[in-house]
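1. take this sequence and fold it.
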Amino acid sequence: MRHGKKVNHLGRKTAHRKSMLANMACSLIEHKRINTTVAKAKALKQFVEPMITKSKEDTTHNRRIVMSRLRQKDAVTELFREVAVKVADRPGGYTRIIKLGNRLGDNADMAMIELVDYNEIYNAGKKEKKTTRRSRRGGSKPVVAAPVETQASNEEE
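-> Prediction:
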């Protein structure tokens, strides 16, 4: 019985698996999206989302925890400076997995994992919403009156 065994070993020993996930997480933070297999993408999601949550509160303790798991100073710096600012108001769910089909060589299920807030295609529709309301009285009268005056002055000449 497999009670309480949640870790997907991905066919690797512990040290190899932790190093691979750390390298993939650094690549995800640097490039904002990567292509990999579905199993690795799901394992990476579980690995990287708690670190993004920790990056929202920039303390020395959180930096040291993330540094111990990522092991690349540049990735930690980018995570705490740029990524944390973008995901500050999001309550979790920082990554998205999109299935791409099968790989040509070995027919493995492929997927693209990306940071949600960095995809302009999916977020483009949400930014077009107008948040300000305009009254009917104030906006239309000056716009209509101004062109009429310019037309009258052109006719006089």
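2. tell me the helices in the chain, going along the chain?
-> With helices called from DSSP state H, the chain shows them at 14-31, 38-55, 60-70, 73-78, 84-86, 120-127, 136-156.
3. what packs against the first one?
-> Using 3 or more Cβ pairs under 8 Å, 6 or more residues apart in numbering; DSSP states H and E as the contact test, the elements touching helix 14-31 are strand 33-37, helix 38-55, helix 60-70, helix 73-78, strand 109-115. All C-beta spots, glycine's among them, are computed from the backbone N, C-alpha and C.
4. circling back to that earlier point, and the helices of the chain, which one's lowest on average pLDDT?
-> Comparing mean pLDDT over the helices of the chain, the weakest stretch is helix 136-156, at a mean of 55.
5. out of the helices and strands packed on helix 14-31, nearest to Gly4?
-> Gly4 lies closest to helix 38-55 among these, at 15.1 Å (Cβ to Cβ).
6. in that closest one, what counts as buried?
-> By neighbour count, with 16 or more other Cβ atoms under 10 Å as the criterion, the buried positions of helix 38-55 are 40-45, 47-48, 51-55.
7. re earlier: closest to Lys86 out of the helices and strands packed on helix 14-31?
-> For the helices and strands packed on helix 14-31, the distance to Lys86 is smallest for strand 109-115, at 7.8 Å, taking Cβ to Cβ.
8. compute the inter-axis angle for the closest one and helix 14-31.
-> For strand 109-115 and helix 14-31, the angle between their directions (axes from the mean of the first three to the mean of the last three Cα atoms, to 10 degrees) works out to 60 degrees.
9. ok, strand 109-115: who's next to it in the sheet?
-> Sheet pairing here is set by DSSP bridges, and for strand 109-115 it gives strand 33-37 (antiparallel), strand 95-102 (antiparallel).
10. chain neighbours aside, what residue packs nearest to Asn35?
-> For Asn35, ignoring the flanking residues on the chain, the nearest one in space by Cβ to Cβ, 6 or more residues apart in numbering is Met112 at 5.2 Å.
11. report how many residues lie close to the one you found.
-> The number of residues packed around Met112, counting by other Cβ atoms under 10 Å, is 14.
12. report the contact partners of it.
-> Taking Cβ atoms under 8 Å, 6 or more residues apart in numbering as the definition of contact, the neighbours of Met112 are 33-36, 41, 97-98, 100.
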